[in-house]
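sequence? don't have it. structure:
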């Protein structure tokens, strides 16, 4: 059975000991990896009690970083010609 650790800094939960690697339970969205947690949160926190500090040694993937939601494209409404 997997252990669940909770970070005292950010409150995220990490399921440890799962087949395929530890899983991070974010407050919103699907579960992720320790690398994703590091890229989005831990690299900004310089506190020794962070439970994900070892993820700094992993190379984050491009999808690990948070991207701001892009607004829908602003299309110009078609102009009607007057008769």
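That came through fine. All values derive from a computational prediction rather than experimental measurement. Numbers count the residues shown, from 1 in each chain.

Leaving out sequence neighbours, find the closest residue to residue 41.
Leaving aside its sequence neighbours, residue 41 sits nearest to residue 10 (CB to CB, 6 or more residues apart in numbering; 5.4 Å). Yep, even glycine has a C-beta here, placed from its N, CA and C like the rest.

Can you name every helix or strand that the worst-scoring helix or strand of the chain on mean pLDDT contacts?
Of all helical and strand segments in the chain, the minimum by mean pLDDT, DSSP states H and E falls on helix 34-40, at a mean of 84. Here helix 34-40 touches strand 23-25, going by 3 or more CB pairs under 8 Å, 6 or more residues apart in numbering; DSSP states H and E.

mean confidence score for the strand it packs on?
Here strand 23-25 scores 93 as its mean pLDDT.

what's in contact with that strand?
For strand 23-25, the external contacting residues (CB atoms under 8 Å, 6 or more residues apart in numbering) are 12-15, 31-34, 36-37, 52.

Put together JSON lines for the residues you listed, with distance to residue 21 on each row.
Below are the contacts of strand 23-25 laid out as JSON lines (distance: CB to CB, whole Å):
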{"residue": "12", "distance to residue 21": "16"}
{"residue": "13", "distance to residue 21": "15"}
{"residue": "14", "distance to residue 21": "11"}
{"residue": "15", "distance to residue 21": "10"}
{"residue": "31", "distance to residue 21": "11"}
{"residue": "32", "distance to residue 21": "11"}
{"residue": "33", "distance to residue 21": "7"}
{"residue": "34", "distance to residue 21": "8"}
{"residue": "36", "distance to residue 21": "11"}
{"residue": "37", "distance to residue 21": "12"}
{"residue": "52", "distance to residue 21": "13"}
